[in-house]
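Asker: Show me how the following folds:
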Amino acid sequence: MPKPVKKAPAKKKAKSTRSTAFDLPIAPVVRIAKNSGAERISMEGTRAIVARTEAYIAEVAKKAVSAASAEGRKTIKAEDVEKF
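Answerer: Below you'll find the model as predicted:
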């Protein structure tokens, strides 16, 4: 009689530390906050900074896309970003 095959235990899913759909990593945000003078920062505070940062990046990107399009390009260049 063949031996029963043992199944490996199910792996636990890692708890996501991502904050939004854009997925800006949290660790660099914490590091920047600490380098800017924060002794401690809560996860809620970190997520709030990430959300504001992602919104800012999205707005700058939209304006840069518009500037590039106005010049007939699909590629965003540094000069497009620096306009804002």
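Asker: what about residue 55, how many residues close to it?
Answerer: When neighbours are counted by other CB atoms under 10 Å, residue 55 registers 12. C-betas here are computed from N, CA, C, even on glycine.
Asker: To clarify, my last question referred to residue 24.
Answerer: Counted with other CB under 10 Å, residue 24 comes out at 15.
Asker: separation between it and residue 45?
Answerer: 15 Å (CB to CB, to the nearest Å).
Asker: Over to residue 78?
Answerer: To residue 45, residue 78 is 31 Å away according to CB to CB.
Asker: try residue 64
Answerer: Counting by CB to CB, the gap from residue 64 to residue 45 is 29 Å.
Asker: Pick out whichever of these two has more residues nearby.
Answerer: residue 64 (19 against 14).
Asker: Mind checking the pLDDT average for the helix or strand harbouring the more buried one?
Answerer: Per DSSP states H and E, residue 64 falls inside helix 43-70. For helix 43-70, the mean per-residue pLDDT is 95.
Asker: other SSEs contacting that helix?
Answerer: With contacts taken as 3 or more CB pairs under 8 Å, 6 or more residues apart in numbering; DSSP states H and E, helix 43-70 sits against helix 26-35, helix 78-82.
Asker: to the chain's geometric centre, what's the distance from the first one?
Answerer: Looking back up the chat, that one is helix 26-35. 12 Å (CA atoms, centre = their mean, to the nearest Å).
Asker: tell me how far the helix holding residue 64 is from the chain's mean position?
Answerer: That offset, for helix 43-70, works out to 10 Å (CA atoms, centre = their mean).
Asker: what's the angle from it to helix 26-35?
Answerer: Between helix 43-70 and helix 26-35, the angle comes out at 100 degrees (axes from the mean of the first three to the mean of the last three CA atoms, to 10 degrees).
Asker: Pull out the buried residues from helix 43-70.
Answerer: Within helix 43-70, the residues that qualify as buried are 46-47, 49-50, 53-54, 64, 67-68, counting by 16 or more other CB atoms under 10 Å.
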